[in-house]
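Novice: Just a sequence and a predicted model for now, questions to come.
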Amino acid sequence: MSAYEEDDRSVESNLIRPYSLTGGRTRPSRGDLTVTSQVVAVPSMGSADLDPELELILSVCARPVSVAEVASRAGLPLGVLRVLLSDLLDQGRVVAHTSPWEHRRPDADTLRSVLDGIRRL
Amino acid sequence: MAGPWTVVEGDPPVPDTLKIVVAGGFGAGKTTLVSTLSEVESLHTEEIMTSRSVGVDDLAGVEDKTTTTVALDFGRITLDASTVVYLFGTPGQRRFSYMWEELSQGALGAIVIADTRRLADSFDSIDFFESRRLPFVVAVNCFDGQRTHRAEDVRVALDLAEEVPLSLCDARDRESVKGVLVELVELVLRLELAGAQGPL
């Protein structure tokens, strides 16, 4: 990758106002969604009458997937995605699971099995 | 943490996740290292930086610009049905240290990639992880398999503490990158067994 490519991607200006999709809200209704939180759509909740962006998010998380991957696949900046995803959580259309390892380090046994797992890759 | 909205009875299983931060200077090989082990084509997203998160000084001369975007590359490694590791490359520029904070929060540890042609570019990352007491290893990326530097010389040049593992690696080589990950997790395990972990 050339120097120009990385620079362009990192500092390009936003031509579309990024938070127009959230009605101007820049903070999610909940603060517990991390980039690695796993989210999954609740199948019994229909998606009728939803905005296309929300429908897209629901389709991306038909199976458990991280918040960062949803942002990547939906083509939405993380900050915008987090606001929309929090709305879907509040509406019960999505459930989320944040790893306990976000709050405390895994114990020695877990670390040993992680090591085994990496060596097997 | 098992909150009230933690899922899920029955299908499909939701894995627990480990996050590892990959840092280093511009062009040192962060994106390459992340994609070498990722099971999906290197994933890419963006975060919006407001003038507040970027810092006022950094917007000197671009006062009309209140937001900017910063690219994030990341990869996913499924170890088994219950454990997934995410590798997150940090944006290189120091003015995006807000993202470093966010990505380091709750991380298992960090890999600092050093390029021997520009060793000073990794100082910011090393300072940052030392100050956050986040366990980290240094991987010296040897382009084209050339090992022109001895690991010990690089350690001296980086003024690394003795307990920080440092190794030569090739960010394009799967086994080599696996070795770096193993080194990091072994370090975290040693710290855990010694009861020497800093707060998350």
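Specialist: Nice, thanks for sending it over.

Novice: Please enumerate the strands of chain B.
Specialist: Listed in chain order, the strands of chain B (DSSP state E) span B:16-24, B:43-50, B:67-80, B:83-89, B:109-114, B:136-141, B:166-169.

Novice: now the fourth one against strand B:109-114, angle please.
Specialist: Spelled out, it's strand B:83-89. Angle of strand B:83-89 versus strand B:109-114, following axes from the mean of the first three to the mean of the last three C-alpha atoms, to 10 degrees, is 40 degrees.

Novice: What count of nearby residues applies to B:Gly106?
Specialist: Neighbours of B:Gly106 under the rule other C-beta atoms under 10 Å in any protein chain shown: 20. In this view, the C-beta of every residue, glycine as well, is placed from N, C-alpha and C.

Novice: typed the wrong thing, it's A:Arg120
Specialist: Residues near A:Arg120, counting by other C-beta under 10 Å: 9.

Novice: Contact partners for it?
Specialist: B:Leu79 (C-beta atoms under 8 Å, 6 or more residues apart in numbering or on different chains).

Novice: And it, how close does it get to A:Val114?
Specialist: 11 Å (C-beta to C-beta, to the nearest Å).

Novice: what's the overlap in contacts for those two?
Specialist: Counting by C-beta under 8 Å, 6+ apart, the residues touching both A:Arg120 and A:Val114 are B:Leu79.

Novice: Quick one: residues contacting A:Leu111.
Specialist: By C-beta under 8 Å, 6+ apart, the contact set of A:Leu111 is B:185, B:188-189, B:192.

Novice: ok, residues contacting stretch B:137-156?
Specialist: Here stretch B:137-156 has contacts from B:24, B:28-29, B:33, B:109-116, B:119, B:122, B:126, B:158, B:160, B:164-171, B:180, B:183-184, B:187, using C-beta under 8 Å, 6+ apart.

Novice: What's the PyMOL line that selects buried ones from these?
Specialist: This is how PyMOL selects the buried members of the contacts of stretch B:137-156, with burial counted by 16 or more other C-beta atoms under 10 Å in any protein chain shown:
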select buried, chain B and resi 24+28+29+33+109+110+111+112+113+114+115+116+119+122+126+158+160+164+165+166+168+169+170+171+180+183+184+187
